[in-house]
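>>> Any chance you can model this:
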Amino acid sequence: MFVATLVASAALSQGDIEEAVARLATAGCAPVDSNWIDEGKAADIFFGSDPVTARAALTDIGDKVDVIVQPAAGREKKLLIADMDSTMITVECIDELADYAGIKPQIADITERAMRGELDFAGALHERVALLKGLADEAIDQCRTERVKIMPGARALVRTMKARGAETLLVSGGFTRFTGPVAEEIGFDRAVANVLEIADGALVGTVTLPIVDASRKRAELETAIEGGIDRALTLAVGDGANDIPMIQGAGLGVAYHAKPKTREAAAAEIVHGDLSVLLYAQGIASADWVEG
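As a prediction, the model looks like this:
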């Protein structure tokens, strides 16, 4: 049995659900039942076959409705592994840090191309960090305080999953000076990221090797699975090309407001809503969310 979870950014109507059921029936996916998770906001439709066809059939259903299709069994996950920049927070930290050095447009262009998969991630990281050489150490904390904003739904997602027994890991190609405080504020169990090298109160222009890249992100997922978590019970979410391996390796891999290559590679995506969509995807109603 499979489930298609519909989550509206504004309002979900009974008509939207009925249309979705009809589309699934026409596509031969054998819908059998539907029910509200939160009335007017999120609903499940259970069906018997062909999740790939079902996902295609439900494209553009309703007004700004995200659809997550997955097996019904094991939909509540025991591991969350998440990217940070533009996923758990609203900005790309290195771009904002570059603004304090007066070179944001130059670095932001490299970041965008790297996240789109047009540049080698490692090369792009080293190039951008080198451009920040000489920036005062204190600018890092200033940037974090002034620019970093938590993504809507992030706290509820992480804290609710933890309260229900899941492990949570923030894994970023960014920097520990950002991930540490962000992970603590959101509620992650652990964070993995790159270390900016600093001497005499300023950035040296290098990071500690080996770097956290796409392969390291996937390796963190595989380590958790080797530690006893069923792959089917893992959830990975990210937006950039360097998130693709971990997204493809997870039981539910989600592209979040993502770059085209990441969207193409993922079996699920969030286009309209915030990270709370991933709680609805696990069948968890808002009355059961933990936000404080």
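>>> per-domain residue ranges of this structure.
1-73, 76-292 (automatic domain parsing).
>>> and those domains, which is most packed in?
With neighbours defined as mean count of other CB atoms under 10 Å, the domains of the chain peak in mean count at domain 76-292, which reaches a mean of 19. Heads up, the C-betas are built off the backbone N, CA and C, glycines and all.
>>> mean confidence for that one?
For domain 76-292, mean pLDDT rounds to 97.
>>> end to end, how far does that domain reach?
For domain 76-292, the separation between the terminal residues is 21 Å (CA to CA, to the nearest Å).
>>> again, but for stretch 168-185
End-to-end distance for stretch 168-185, by CA to CA: 13 Å.
>>> what's the answer for stretch 35-52, then?
21 Å.
>>> secondary structure element for the closest residue to G180 other than its chain neighbours?
In this structure, G180 finds its nearest non-sequential neighbour in A191, 6.1 Å apart by CB to CB, 6 or more residues apart in numbering. Taking DSSP states H and E as the definition, A191 sits inside strand 190-194.
>>> same question, G228
Using DSSP H and E, G228 falls within no helix or strand.
>>> how near is it to L79?
From G228 across to L79, the span is 10 Å (CB to CB, to the nearest Å).
>>> Ramachandran angles for L203?
phi -70, psi 140 (degrees, to the nearest 10).
>>> And L275, by the same measure?
Per degrees, to the nearest 10, the backbone of L275 is at phi -70, psi -10.
>>> What separation do you get for the residue lying closest to it once chain neighbours are set aside and V182?
Spatially, and ignoring its direct neighbours in sequence, L275 is nearest to G153 (3.3 Å; CB to CB, 6+ apart). Distance, G153 to V182, by CB to CB: 15 Å.
>>> got the contact list for G292?
R159 (CB atoms under 8 Å, 6 or more residues apart in numbering).
>>> All further residue positions should be reported with the first residue as 60.
Sure thing, new numbering starts at 60, so read that last one as G351.
>>> Distance of it relative to M210?
On the measure of CB to CB, G351 and M210 end up 17 Å apart.
>>> What of V336?
For V336, the distance to M210 equals 12 Å [CB to CB].
>>> One more: L191?
Distance, L191 to M210, using CB to CB: 24 Å.
>>> How about A291?
Following CB to CB, the distance that separates A291 from M210 is 26 Å.
>>> Ok, T149 next?
Applying CB to CB to T149 and M210 gives a distance of 6 Å.
>>> can you check A340 too?
Using CB to CB, A340 is found at 16 Å from M210.
>>> What are the contacting residues of the helix or strand containing A113?
Using DSSP H and E, A113 maps to helix 110-116. Here helix 110-116 makes contact (CB under 8 Å, 6+ apart) with 61, 63, 82-83, 85-88, 106, 126, 128-130, 326-327.
>>> if we go to 6 Å?
For helix 110-116, contacts defined as CB atoms under 6 Å, 6 or more residues apart in numbering pick out F61, A63, R82, L83, A86, C88, V128.
>>> what's the nearest residue to the fourth one once chain neighbours are set aside in contact with, if anything?
It stands for L83. Leaving aside its chain neighbours, L83 sits nearest to P90 (4.3 Å; criterion: CB to CB, 6+ apart). Neighbour list for P90: V80, L83, A84, I104, F106 [criterion: CB under 6 Å, 6+ apart].
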